[in-house]
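K.L.:
Okay, sequence plus prediction incoming.
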Amino acid sequence: MSNPFEILEARLLNIERLLLDIKHPQKTTKNKRHSVKVTAVRNGLSEGTIRNYIKEGKIEAHKIGRRILIDESQFEKGLSEVKSLKYKR
């Protein structure tokens, strides 16, 4: 006859591992690219503002056909530079 506490301990260890996976998810190395419209909606900016930042070189973007795609990480980097310039005056 097996010990019932061994079964409970195994289940608890499994639950602990799952909770740790939820608490500390593995970071993906793939950068997501979004359109100008999606980037504007997600960050509470207008599409014109995003396009102006691209024209001024504050945000790096990739043009594929007619679409302009912005890397999520590049946008965050560019936006932090814009904010730092804004408050330097």
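P.N.:
Everything's here; your move.
K.L.:
In the chain, which helix is the longest?
P.N.:
helix 4-23 (DSSP state H).
K.L.:
and that helix, which residues are buried?
P.N.:
Buried positions in helix 4-23, judged by neighbour count with 16 or more other C-beta atoms under 10 Å: none. Placement of C-beta: from N, CA and C, glycine included.
K.L.:
Please apply the same query to stretch 31-49.
P.N.:
Result for stretch 31-49 [16+ other C-beta under 10 Å]: buried residues 33-34, 36, 39-40.
K.L.:
Find me the pLDDT at the residue nearest the centre of the chain, would you?
P.N.:
Geometric centre of the chain, nearest residue: Glu72, 6.0 Å, by C-alpha atoms, centre = their mean. Looking at Glu72, its pLDDT is 87.
K.L.:
so it makes contact with Arg42?
P.N.:
No: with contact defined as C-beta atoms under 8 Å, Glu72 does not count as touching Arg42 (9.0 Å).
K.L.:
remind me, longest strand of the chain?
P.N.:
strand 67-71 (DSSP state E).
K.L.:
Find the residues that touch each one of Glu72 and Arg42.
P.N.:
By C-beta atoms under 8 Å, 6 or more residues apart in numbering, Glu72 and Arg42 have these common neighbours: His34.
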